[in-house]
Structures are given as C-alpha cells and as structure tokens.
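In: coords please:
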Amino acid sequence: MTDASKFQFTGSSVPNAYEEFLVPRLFEPWARLLLDEAQLIQAQIVIDVATGPGTVARCAAPMLGPKGRIVATDIARPMLDIARAKPSLPGAAPIEYVESPAAPLLASTGVFDVVLCQQGLQFFPDRPSALREMRRVLKPGGRVVIAVWTAIERNQVFAAIHTALGATTTPELSDLMTAPFSWHSTAELQMAVEEAGFHDVRILTRSLPIVFEQGVEQAMRAFSATPVSPGVAALSQSVQDAFLDRLRSELAPLVVDGKVIGEMVSNIIVAYA
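Out: Numbering: from 1, shown residues only. This next block holds a predicted model:
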C-alpha cells in the first residue's frame, strides 16, 4: 500500500513549480468547484486544512467579505511561505496562515462555520484523527467540504506520468506517484467520515479538464511540481532521458490543437457536524 504521507512538499523548488504549473491550471478551477459546494456566506469563519500556497483560502476570502475570517493551515512551511508572500485581497476576509499538522490541528474547538480541505486528506498519516479534528473545530451544524482524487487511471495526465515512471525508473518512485490518488473508494470515504461523527454525508464525483495550453513540453515541465521529481533528478542522466522520452510518448494521445488536455476526476465529500 502506498505511504501517502511521504508525498511531501519540502525545499522550495517543488512548491514554486506547483504554484507556477498546477495552481492556475488545476487547483484554482477545483477550488471554485469545491466552494460551490461549501455555500459560503458573508462574515463566516472558515478553516482551510492543508492550504498549500493558499489557493482555496484566497478564493474563499472575497466570498466571506471583510467581516469574515479564514485560518489556513499546512504542515509544509515552504508552501506557507508562498502563501504569505501573496498580496492581501481588497474587500475580502483576512487570512491567518498557521503551520500545523492536520492532527492535532492548531485551532480552537467549535468556532468554525465551515472546514475546507482540497486534496489533503489522503496524505495525512492519521486520517481518522484528522477527520475527528475537523469535526472538533466546527460549530454544531457546521459543514465540512473535502476533495479527494479518484483512482489515478481516471486522471489522465498523472496516469501518463505514472506509466512513464513505471516503465523507466524505480518501483518506489512509480508507487509514490499514486499517493494523491490512494484513497479513492467512496465506500471507505463515507465510512471514515461517518465514524468521525459527521452526519448527512454526501459524496459527489466531479470532473474537470486540466489544460496545458503550450502543449507536451509544458506538461512535462509540470512534473517538477510533484514531490516525485527530486527522486527522478537523483537518477542517472540516461534514466532521466528515458523517462522523459516515455512521458512524451504517453502524453501524445492527450494533445488536442496543440494543447495537452487531460480529464481530472475527484470525489467531493460534504457532511455536517
């Protein structure tokens, strides 16, 4: 079984590439879809768990207005450094960035109207405790909205990367690439959320395209935004070249009018405290 907790954003190169390649093409569109389900209103208090570079928090802040408040937590300081360096948003809720694991979560009990978590839950080393912490910090009747990718085979660009890694590198690196897609069972998700004390649990499956408008070479550069890329960079040049050649071949079927377009599919969990 994949140890998803090893999929860590350390150093600065990977988080910077994540911000450049994946945030505008993947995580901002999905943040808007996640927030459609969150149904935020003015002046609410929200916590964004595993905020990364603050993508969901920053999309939510204008919805809450200046009387709202957001706490955005992440365990990766390099990600929080990127988030904190971004300019404040006029007329929006202030965002407080907090370096914190998901469990224990450094947040007060029973104060938040909504808990948000975009593509973080599957990485937490203790998922049941993280879910219980999300419930702990919610007000009675508060809402949690969590996004978790489906199986890697349904997420085409990353499936291409996974195939190329498996064909040319090591089993450890190939396995690590599956970490973001490692908790795709809707039955398991439903049970875990209910066991954490939530009720009225709904799981929605949604899809959006990821588009690399400059084509295959841009999509290949986006691999540097994954925590797998340093492991590949540590291999011999011949292995790296073989990986890139295979990745180029795997991405070719996704080219449409010069762009790489791949479907991304995520489960979105909505539940109440």
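
In: any chance you could map the strands in the chain?
Out: With strands called from DSSP state E, the chain shows them at 45-49, 69-74, 95-99, 112-118, 138-149, 199-212, 255-256, 259-272.

In: possible to save those as TSV with mean neighbour count, mean pLDDT and distance to L235?
Out: To be clear about C-beta, it is placed using only N, CA and C from the backbone, and glycine gets the same treatment. Formatted as TSV, the strands of the chain follow (neighbours: other C-beta atoms under 10 Å; pLDDT from 0 to 100; distance: least, C-beta to C-beta, whole Å):
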stretch	mean neighbour count	mean pLDDT	distance to L235
strand 45-49	27	98	34
strand 69-74	24	98	29
strand 95-99	16	98	32
strand 112-118	25	98	31
strand 138-149	20	98	26
strand 199-212	15	98	24
strand 255-256	12	98	27
strand 259-272	20	98	24
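
In: now those in TSV, with distance to T2?
Out: Output for the strands of the chain, formatted as TSV (distance: least, C-beta to C-beta, whole Å):
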stretch	distance to T2
strand 45-49	21
strand 69-74	21
strand 95-99	25
strand 112-118	19
strand 138-149	13
strand 199-212	21
strand 255-256	29
strand 259-272	17
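
In: nearest to N155 among the ones you listed would be which one?
Out: Comparison of those against N155 by C-beta to C-beta identifies strand 259-272 as nearest, at 5.1 Å.

In: strands paired with the closest one, and their directions?
Out: strand 138-149 (antiparallel), strand 199-212 (antiparallel), strand 255-256 (antiparallel) (DSSP bridges).

In: hmm, back to that, quick one, which of the strands of the chain is nearest to L173?
Out: strand 138-149 (18.5 Å).

In: residues contacting the closest one, please?
Out: In this structure, residues lying in contact with strand 138-149 by C-beta atoms under 8 Å, 6 or more residues apart in numbering are 30, 34-35, 37-39, 110-119, 121-122, 134-135, 155, 180-181, 183-184, 189, 193, 198, 264-273.

In: could I have that strand exported to PDB, CA atoms only?
Out: Provided in PDB are the C-alpha atoms of strand 138-149 (Å, rounded to 0.1, in the frame of the first residue of the first chain):
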ATOM      1  CA  LEU A 138     -16.700  23.100  13.700                       C
ATOM      2  CA  LYS A 139     -19.700  24.800  15.300                       C
ATOM      3  CA  PRO A 140     -22.700  22.500  15.900                       C
ATOM      4  CA  GLY A 141     -24.300  22.100  12.400                       C
ATOM      5  CA  GLY A 142     -21.100  23.300  10.700                       C
ATOM      6  CA  ARG A 143     -20.200  21.900   7.300                       C
ATOM      7  CA  VAL A 144     -17.100  20.100   6.100                       C
ATOM      8  CA  VAL A 145     -16.200  20.000   2.400                       C
ATOM      9  CA  ILE A 146     -13.300  17.800   1.300                       C
ATOM     10  CA  ALA A 147     -11.900  16.900  -2.100                       C
ATOM     11  CA  VAL A 148     -10.100  13.700  -2.700                       C
ATOM     12  CA  TRP A 149      -8.900  12.500  -6.100                       C
END
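
In: quick one: contacts for M177?
Out: M177 neighbours (C-beta under 8 Å, 6+ apart): 152, 158, 161-162, 165, 226, 228.

In: closest one of the residues you listed to Q218?
Out: Looking across those and measuring by C-beta to C-beta, the closest to Q218 is I161, at 13.8 Å.

In: and S229, how far from I269?
Out: 29 Å (C-beta to C-beta, to the nearest Å).

In: and what of K259?
Out: From K259 to I269 the distance is 31 Å (C-beta to C-beta).

In: how about A225?
Out: For A225, the distance to I269 - C-beta to C-beta - is 25 Å.

In: roughly how far does the residue lying closest to R221 once chain neighbours are set aside sit from P15?
Out: Nearest non-adjacent residue to R221, counting by C-beta to C-beta, 6 or more residues apart in numbering: F21, 6.6 Å away. Separation of F21 from P15 (C-beta to C-beta): 11 Å.

In: mind checking which of these two has more residues around it?
Out: P15 (23 against 20; other C-beta atoms under 10 Å).

In: got a pLDDT number for A102?
Out: A102 carries a pLDDT value of 97.

In: what sits against the nearest residue to it once chain neighbours are set aside?
Out: Spatial nearest neighbour of A102, chain neighbours left out: A130 (3.8 Å); criterion: C-beta to C-beta, 6+ apart. Listed by C-beta under 8 Å, 6+ apart, the contact set of A130 reads 49, 102-103, 105, 121, 124.
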